[in-house]
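Participant: build me a model:
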Amino acid sequence: MSLSLGVHIGQQNLSMDGLRILWRRLDNAGVDWISVWDHLYEAPYQGGTDSHFEALTTLATLAADTQHARIGCLVFCMGYRNPALLAKAATTLDHISGGRFELGLGAGWHIWEAVAHGYPFPDIGTRLDMLEEGVEIIHQMLTQETTSYSGKHYQVDEVTCFPRPQQSNLPIWIGGRGEKRTLELVARYADGWNAAYVGPEEFRHLNEVLEAWCSTHSRNPKEIKRGVNVAFAMGVDQSSLAVQQQALLDSWGNAAENMRDGALLCTPDAASDRILEYVASGADEVNIALRAPWDDAALDVYLEEVIPKVRKIAG
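Facilitator: Alright, predicted model coming up:
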């Protein structure tokens, strides 16, 4: 698999006009992937006080505004939408984008937004059960003419999904770091796996766990793409880097130390080496994750210098 270098956007503290300018800029710069996240409040949680856009409607605009990059959501929380609705939405987005959409799914973690918006937020085991049922329904709806399914959490009755997606196989990604359930679900159902904000060594370990689950289920591991989201905290020089480091601390508080290992917290001269560490750990796709505000001059350098350098080295 050729290396994919993308951008994951948290659609908070930005106007819709600003978002549209941003992803057109990214698409014109030649990034391979552009995604948004599925949150109803800001992340990390700040009391629900920051401006924030919903994912599905944002994605429709992203799909229409871009022409080249593959697009998606990393990842949709299964508990927020009926899986049959998500299958229909994924098909619609695939048509809007001309066959560039990929569907990311996860169990969800943002308890504050879920409770505030009236969504049940059961224990993680139940949420993973919901994810498994939802993935089964969505996969069948995207690949079969009719689907009937009766699970504990979701049911559909001879449901159809027409028109079919433009892609003959619309990829399904599962996101998360859980070694016992999440990675096992990836091995059984997914075309891609994504982990967020982990360092290269942890990514290597999780990748090895996924390989073991593939062996357990007689799944060819080469069929599964491996992606990582890395927080973009790059500064053009040591002064701006110090600002980014402080911003990371202000946003994440006690969790900032854990976030550091999964962040591109460096100057441009070190950025390519850091990305290549993830590649050496098994990543096929490396996405920088943008949360406003960021160092825009550093983003320019990343797009214009770091990406071409990494592509040249990685071949």
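Participant: CA atoms of stretch 198-217 as CSV?
Facilitator: Written as CSV, here are the backbone C-alpha positions of stretch 198-217 (Å, rounded to 0.1, in the frame of the first residue of the first chain):
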residue,chain,number,x,y,z
VAL,A,198,-0.8,7.4,20.2
GLY,A,199,2.9,7.4,19.8
PRO,A,200,4.8,5.2,17.3
GLU,A,201,5.7,2.6,19.9
GLU,A,202,2.1,2.2,21.1
PHE,A,203,0.9,2.1,17.5
ARG,A,204,3.4,-0.7,16.8
HIS,A,205,2.1,-2.7,19.8
LEU,A,206,-1.6,-2.2,18.8
ASN,A,207,-0.7,-3.2,15.3
GLU,A,208,0.8,-6.4,16.5
VAL,A,209,-2.4,-7.1,18.5
LEU,A,210,-4.4,-6.6,15.4
GLU,A,211,-2.2,-9.0,13.5
ALA,A,212,-2.8,-11.6,16.1
TRP,A,213,-6.5,-11.2,15.9
CYS,A,214,-6.3,-11.5,12.1
SER,A,215,-4.5,-14.8,12.6
THR,A,216,-7.2,-16.0,15.0
HIS,A,217,-9.9,-15.2,12.5
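Participant: state the mean pLDDT of it.
Facilitator: Stretch 198-217 shows an average pLDDT of 98 in the prediction.
Participant: list the contacts of it.
Facilitator: Residues outside stretch 198-217 that contact it (Cβ atoms under 8 Å, 6 or more residues apart in numbering) are 177, 179, 183-184, 186-188, 193, 195, 219-221, 224, 226, 228, 261-262, 274, 277-278, 280-283. For every residue, glycine as well, the C-beta is placed using N, CA and C.
Participant: how far away from the center of its chain is that stretch?
Facilitator: Here the centre of stretch 198-217 is set off from its chain's centre by 18 Å, with Cα atoms, centre = their mean, to the nearest Å.
Participant: now swap in stretch 61-79 and tell me
Facilitator: 9 Å.
Participant: first-to-last residue distance for that stretch?
Facilitator: One end of stretch 61-79 to the other measures 23 Å (Cα to Cα, to the nearest Å).
Participant: before we move on, back to that, so which of the contacts of stretch 198-217 are in helices?
Facilitator: Using DSSP state H, 183-184, 186-188, 261, 274, 277-278, 280 are the members of the contacts of stretch 198-217 that sit in helices.
Participant: can you point out the buried residues in stretch 63-77?
Facilitator: Buried residues in stretch 63-77, counted by 16 or more other Cβ atoms under 10 Å: 63, 65-66, 69-77.
Participant: show me which of these is closest to Ala55.
Facilitator: Cys73 (5.3 Å; Cβ to Cβ).
Participant: give the contact list for that closest one.
Facilitator: By Cβ under 8 Å, 6+ apart, the residues touching Cys73 are 35-38, 55, 59, 103-104.
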